[in-house]
Each structure stands twice: as structure tokens, then as C-alpha cells.
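**Student:** Could you look at this predicted model? Sequence included:
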Amino acid sequence: MTGFSAVGAAYAEHSDSARGRLRHDLVERRLHAELPASPVRILDVGCGTGEMTIRLAAAGHQVTGADPDPRMLAVAAGRLAALPELRGRVELVEAGIDGLSFGREVFDAVCCHGVLMYLDEPGEALARLTERVAPGGLLSILAKNRRAIGVREALAGDYESARRLIESEADRSPGNLGLETRGDTAETLDRLAAGQGFTPLAWQGVRIFHDHLDDAWTPGRAAYEAALDLEWAASWRSPYRDLGHLVHTLARRPGRSRS
């Protein structure tokens, strides 16, 4: 994850934009559809500034947010300080995927969103994440969509870059924060999860029609809700979902859930 901490402020700003919110709202909606209504224990790996950690805690769950960057965790802690009603539901831990020191502790859901794209390959990380999922529990992965590399550039009018990426069948491209990031396909992530004994669920494409817009996109409330509903409808269906900048894959460990 080299270099990611240097763009922490830019990530926080992006998350507050309508385009960033679109991603979080789509992922949160799917998580709520898969998680039990009663509170469960969730591990959010690569929690960054705490966006999804806070959202899940606000829904009543007990959430452990882990991130290797103390500066990101400090931002998350500052946000929590302004939400005293959530303080008893959230624990923040300084750790990355390879440093999750929880002994044999497992969680009802493990989320890892926007992290794999900064790693050289997904297999080892995904194997470590599955170790933390309880029987009947959920694994949620949000990754860059390798199949859509070049689409953002084309829609933004950067035809030269788009053609180069498409013709070379590139597996990486500059990300939203200026760093080169690597893509995975949903099929690869599902296969890796299945290899760990998990049952893959239906995957979704995230930010299909709005990814090429910059953070200056400021729709009104009605326009934003319409964009969100459109993205949600398309996110389940090919060929639309195949063009999403991100893929959201989920898999469940067999067994009886504790919740």
C-alpha cells in the first residue's frame, strides 16, 4: 500500500463529494441487504477515515476499524468524537491486512473496501481476510474493476490514454487519488473466495455512469437520489455492471451464524 498515506487528505475530501458518496451509499445499501437486522460484530479492514465504519455503527453494529496509517485513524477518531452515541460501538486499531493480531477472534462480517487495488496481487490478502470470518459470516470486497480499465478515460475525453490502456489490456491505471492502482475481475475474486471454502454471492458493479465525473459534480438532492437509484438498478445487470469502475463481491462462509 506504498504511497497511499500521502493522499489521505485527498481521500477524505473525495469521500465527502457526491461522487464519493455514491460509492459509499451503493456499498452500504448492499451490506444492509446481506447483514442481519440484529447487531453483529464487523471488522472493517482498511477503514481509512472511518466512513463505512461509522455508517455500520450507526446502523447498530459493533465495528472494529483497522488501518495501518495512524493519520487516517486520527481523522476517524476525530469524526467519532463528534458522535458520542457511537463511541461504545467502535474500536479503532492500527493494523493492515498482514498485521491483524486478533488471535482466534472472528467476526460476523469482514469488509475490505478499496484496498486490494494497492496490492500486487489479491490472493494472500483475501486468504488472510477469510480467516477472520465466523461460520455463516460475510466477506465484503470492493476492488477496482480490471475489465473497465480505460472506460473512465474514454468518457472523460482522454482518448489517447483510453486507447493505450484498452489496446494493451492493462491491469492497472491511475486511480482517483493520482496513484497507479491494479484491477481485479469479479470472477477472480469469487474464485479466490470459493477456494477458501466460501460461497460467492451475486456481485455488483459500482459507479457505472458517474465515474468519469470529477468531485465538482454537485447534484441537488433529487438528482442525486435519481443517480443513486439508476446506479443501483444497473449494478446487478450485465453488461452495465461490467463497466463499473469498482466491483463489489460478497461471499459467505458456510455454517450457522452466531447472530
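**Tutor:** Arrived safely.

**Student:** so where's this protein shaky on pLDDT?
**Tutor:** The chain contains residues with pLDDT under 70 at 1-14, 257-259.

**Student:** In it, what residue spans correspond to strands?
**Tutor:** Counting by DSSP state E, one finds strands in the chain at the ranges 41-45, 62-67, 90-94, 107-113, 133-144, 172-174, 180-182, 199-200, 204-206, 246-252.

**Student:** Restrict the last one to CA atoms and write it as PDB.
**Tutor:** Written as PDB, here are the backbone C-alpha positions of strand 246-252 (Å, rounded to 0.1, in the frame of the first residue of the first chain):
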ATOM      1  CA  LEU A 246     -15.300  -0.900  -9.000                       C
ATOM      2  CA  VAL A 247     -16.600  -4.400  -8.300                       C
ATOM      3  CA  HIS A 248     -18.300  -5.300  -5.100                       C
ATOM      4  CA  THR A 249     -18.000  -9.000  -4.400                       C
ATOM      5  CA  LEU A 250     -19.500 -10.800  -1.400                       C
ATOM      6  CA  ALA A 251     -19.100 -14.400  -0.200                       C
ATOM      7  CA  ARG A 252     -20.400 -16.300   2.800                       C
END
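
**Student:** Name the residues that touch it?
**Tutor:** The contact list for strand 246-252 (CB atoms under 8 Å, 6 or more residues apart in numbering) reads 23, 26-27, 30, 34, 114, 136-145, 184-186, 189-190, 193-194, 198-207, 235, 241. Where you see a C-beta, it was placed from the backbone N, CA and C, and this is true even at glycine.

**Student:** That strand pairs with which strands?
**Tutor:** Under the criterion DSSP bridges, strand 246-252 sits next to strand 133-144 (antiparallel), strand 199-200 (antiparallel), strand 204-206 (antiparallel) in its sheet.

**Student:** middle-most residue in this structure, spatially?
**Tutor:** Most central residue of the chain, judged by C-alpha distance to the mean C-alpha position with CA atoms, centre = their mean, is residue 113 at 2.4 Å.

**Student:** Enumerate every residue touching that residue.
**Tutor:** Taking CB under 8 Å, 6+ apart as the criterion, residue 113 is in contact with 27, 44, 46, 52, 140, 141, 142.

**Student:** if I look at it, how far off is residue 165?
**Tutor:** Residue 113 sits 24 Å away from residue 165, going by CB to CB, to the nearest Å.

**Student:** before we move on, back to that, distance to residue 160 and neighbour count for the contacts of residue 113 - can I get that in a markdown table?
**Tutor:** Putting the contacts of residue 113 into a markdown table (distance: CB to CB, whole Å; neighbours: other CB atoms under 10 Å) gives the following:
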| residue | distance to residue 160 | neighbour count |
| --- | --- | --- |
| 27 | 32 | 22 |
| 44 | 38 | 31 |
| 46 | 33 | 25 |
| 52 | 35 | 25 |
| 140 | 36 | 25 |
| 141 | 32 | 28 |
| 142 | 29 | 26 |
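
**Student:** Of those, just say which sits nearest to residue 213.
**Tutor:** Each of the contacts of residue 113 was checked against residue 213 using CB to CB; the closest is residue 27, at 18.1 Å.

**Student:** so that closest one touches residue 52, yeah?
**Tutor:** Yes: in this structure, residue 27 is within contact of residue 52 by CB atoms under 8 Å, at 7.0 Å.

**Student:** Please name the nearest non-neighbouring residue to residue 132.
**Tutor:** In space, and not counting its chain neighbours, residue 132 is closest to residue 110: 5.0 Å by CB to CB, 6 or more residues apart in numbering.
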